[in-house]
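>>> Task: produce atomic coordinates for the following.
(one chain, ligands or ions: 1)
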Amino acid sequence: MRVDGTAYRTIWPAADGPAVEIIDQTKLPHSFETLRLTGLDDAAHAITAMQVRGAPLIGATAAYGLWLALRVDPSDVSLNRACETLIATRPTAVNLCWAVEAVRAAVAGLPPGERADAAFAKAGEICDADVAMNRAIGEHGLALFRELHAAKGGGPLNVLTHCNAGWLATVDWGTALAPIYMAHDAGLPVHVWVDETRPRNQGAALTAWELGRHGVPHTVIADNAGGLLMRQGRVDLCITGTDRVTARGDVANKIGTYLKALAARANGVPFHVALPGPTIDWSLSDGDAIPIEERAGREVSHIPGRTDDGEIRDVRITPPDSPVANPAFDVTPAELVDGFVTERGRCSASAEGLAALYPEHASAAAE
Ligand SMILES: CSC[C@@H](O)[C@@H](O)C(=O)COP(=O)(O)O
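Residues are numbered from 1 along each chain as shown. Okay, the predicted model is just below:
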């Protein structure tokens with residue numbers, strides 16, 4: 001996507017040496033800054049501190065993190081230690097494990113001297129594949145948007161989304177936002193209700209920033225406003241991304257997604273989830289078995305903002321002696337999801353639906 005006229009991906013190899021560059025998402029929407037990652041620790045820190053976030057981008061960053069580790073020490077011990085370190089950074093998004101295991105498989109059988117180059121090539125492949133999958137998700141989602149718009153019979157299609165599943169969450173395009181960009185670019189009138197997404201405000205800070213840069217009409221709302229808007233008939237479709245989908249179609253996504261799915265079902269609003277194949281965890285059936293990341297309480301007790309003189313600062317909003325809890329994801333059962341939009345097409349949120357699109361994985365999962 002373009003920022004001030006320049007085309008960016010969210011992660012790219014540095015032109016001038018062994019490093020990768022990222023957009024520091026903790027600085028958005030206040031300032032657009034890039035960062036250099038020069039070693040495994042930088043990559044692990046970028047994921048943990050959410051300088052990069054979003055399931056596909058976490059995976060891509062981990063892949064480059066392995067390259068950086070293998071440049072320094074290509075031994076088996078180093079490879080295994082780097083894989084463990086990266087996998088431990090964030091537990092819910094399965095794309096992280098998928099990308100780490102893809103790089104491990106690409107390098108494990110090679111002589112140590114060839115491993116770093118092979119890891120670099122694999123990381124690049126993962127990034128290119130992510131962009132292609134998201135573009136395809138956008139095209140399949142656009143068909144859904146056109147159907148819903150035609151059924152509505154006029155006016156803008158009002159789409160509600162939660163968290164950030166845009167280009168910042170992936171290498172480019174995004175998952176849930178890809179159809180929104182394509183619809184807007186194709187002249188289909190869309191307006192997006194952007195959930196602020198407490199506690200880290202990925203909607204207010206990142207989705208609103210992305211949509212604004214692209215000229216897509218949008219309105220930021222408090223997380224609690226969605227139910228009212230659905231009841232008032234002001235939401236035509238909910239679409240979110242996901243961090244992990246089980247083989248039977250249960251969906252882990254940013255905390256608060258489940259409440260939106262419940263409100264959507266109660267109000268007859270279609271609720272769809274956009275995902276690339278690597279987000280499916282074929283080893284799990286029951287969504288309640290998905291590990292839910294518990295993040296620091298400070299993300300709940302404090303809220304960041306920018307002062308008038310440009311400083312980004314956290315401000316406390318809870319009594320200092322009140323305990324806080326911060327589960328970062330929730331699970332929406334497949335029954336509440338009206339459909340998946342994948343790079344291979346659309347399907348029902350069910351074992352049968354996923355198996356029809358991904359027969360090679362489904363048969364392996366059943367064995
Ligand atoms: C295409 S991204 C899908 C999900 O990763 C996204 O919806 C989400 O929940 C991101 O959570 P985050 O905690 O910001 O990494």
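>>> how does the chain divide into domains?
2-129, 135-366 (automatic domain parsing).
>>> Output those domains in a markdown table; the columns should cover mean pLDDT and mean neighbour count.
Where C-beta positions appear, they are placed from N, C-alpha and C, glycine not excepted. Output for these, formatted as a markdown table (pLDDT from 0 to 100; neighbours: other C-beta atoms under 10 Å):
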| stretch | mean pLDDT | mean neighbour count |
| --- | --- | --- |
| domain 2-129 | 97 | 19 |
| domain 135-366 | 97 | 19 |
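>>> Same list, those domains, but as CSV with distance to the ligand please.
Formatted as CSV, the domains of the chain follow (distance: least, C-beta to the nearest ligand atom, whole Å):
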stretch, distance to the ligand
domain 2-129, 3
domain 135-366, 3
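>>> Now the residue positioned nearest the centre of the chain: closest residue in space, sequence neighbours ignored.
Centroid-nearest residue in the chain, with C-alpha atoms, centre = their mean: residue 54, separated by 3.1 Å. Excluding the flanking residues, the one nearest residue 54 by C-beta to C-beta, 6 or more residues apart in numbering is residue 169, at 2.3 Å.
>>> Touching, the one you found and residue 60? I think so.
No. Between residue 169 and residue 60 there is no contact under C-beta atoms under 8 Å: 10.7 Å.
>>> related to what we said a few turns ago, give the contact list for the residue nearest to residue 54.
Neighbouring residues of residue 169 by C-beta atoms under 8 Å, 6 or more residues apart in numbering: 53, 54, 55, 56, 57, 163, 175, 206, 241.
>>> can you give me the helices for the chain?
40-48, 55-72, 76-87, 94-107, 112-152, 177-185, 202, 208-214, 226-231, 257-266, 298-301, 351-357, 359-366 (DSSP state H).
>>> what's the first one packed up against?
Read that as helix 40-48. With contacts taken as 3 or more C-beta pairs under 8 Å, 6 or more residues apart in numbering; DSSP states H and E, helix 40-48 sits against strand 34-37, helix 55-72, helix 76-87.
>>> Next, the angle helix 55-72 makes with that helix.
170 degrees (axes from the mean of the first three to the mean of the last three C-alpha atoms, to 10 degrees).
>>> From the rest of the structure, what touches helix 40-48?
20, 22, 35-37, 51-53, 58, 61-62, 64-66, 68-69, 72, 82, 85-86, 89-90, 96.
>>> go again using 6 Å as the cut-off
Residues outside helix 40-48 that contact it (C-beta atoms under 6 Å, 6 or more residues apart in numbering) are 37, 52, 58, 61, 65, 68, 69, 82, 85, 86, 89, 90.
>>> Closest one of the residues you listed to residue 298?
Residue 298 lies nearest to residue 90 out of those, by C-beta to C-beta, at 16.8 Å.
>>> show me what contacts the closest one?
When contacts are counted by C-beta under 6 Å, 6+ apart, residue 90 touches 47, 293.
>>> And it, its phi and psi?
Here is the backbone geometry of residue 90 (degrees, to the nearest 10): phi -140, psi 120.
>>> Would you mind measuring from the closest residue to residue 296 other than its chain neighbours to residue 287?
The shortest distance from residue 296 to any non-neighbouring residue, by C-beta to C-beta, 6+ apart, is to residue 326 (6.6 Å). Distance, residue 326 to residue 287, using C-beta to C-beta, to the nearest Å: 20 Å.
>>> pretty sure residue 229 is touching residue 223, no?
No. Using C-beta atoms under 6 Å as the test, residue 229 is too far from residue 223 to be in contact (11.7 Å).
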